[in-house]
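Visitor: only the shape, not the letters, is given here:
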């Protein structure tokens, strides 16, 4: 089996999904059944599992401030939500014989062979505990992931 594994959740601080992703990818890397394992981060391939460490340098600090600012821009968030999965799909276009695993809800646009993990559905069950913009973003994104990952009965 050939797998492409999305590594975005593996970052500092290591959250529940980050820990799950890290442990899963480590075990996939040594599993005999896995013919090839490629690591995918953002919209490109990387050579190794991301390191989980506290980056208190200026570059990381500036990146955090920029990210926080961008997360408060609804138009930019919507553009990202629409464009990023398509950018990912374009980067993966030559890997049709691989299975893509997105451990954190999201799938690239219209991949034929993909699986994702829905580990926290509280935005649906308890939306009042989340910021409204996050609920709106996640609802749209998760529905797109579900649509993208639906099996075609004729191909099973």
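Guide: That came through, no problem. Fair warning: this is a prediction, and the values are worked out from it, not measured in the lab. Residues are numbered from 1 along each chain as shown.
Visitor: contacting residues around the closest residue to residue 6 other than its chain neighbours?
Guide: Nearest non-adjacent residue to residue 6, counting by CB to CB, 6 or more residues apart in numbering: residue 102, 4.5 Å away. C-beta: built from backbone N, CA, C; applies to glycine. By CB atoms under 8 Å, 6 or more residues apart in numbering, residue 102 lies in contact with 6, 108, 114-117, 145.
Visitor: any idea what residue 102 is bridged to?
Guide: Residues in a beta bridge with residue 102, per DSSP bridges, are residue 116.
Visitor: can you classify residue 143 as helix, strand or coil?
Guide: helix (DSSP: H, G, I helix; E, B strand; the rest coil).
Visitor: give me the neighbour count for it.
Guide: Neighbourhood size, residue 143 [other CB atoms under 10 Å]: 10.
Visitor: could you do residue 37 as well?
Guide: Residue 37 is flanked by 18 other residues according to other CB under 10 Å.
Visitor: ok, residues contacting the helix or strand containing it?
Guide: Per DSSP states H and E, residue 37 falls inside strand 36-41. For strand 36-41, the surrounding residues in contact (CB under 8 Å, 6+ apart) are 2-8, 25, 28-29, 45-50, 88, 91-92, 95, 98, 100.
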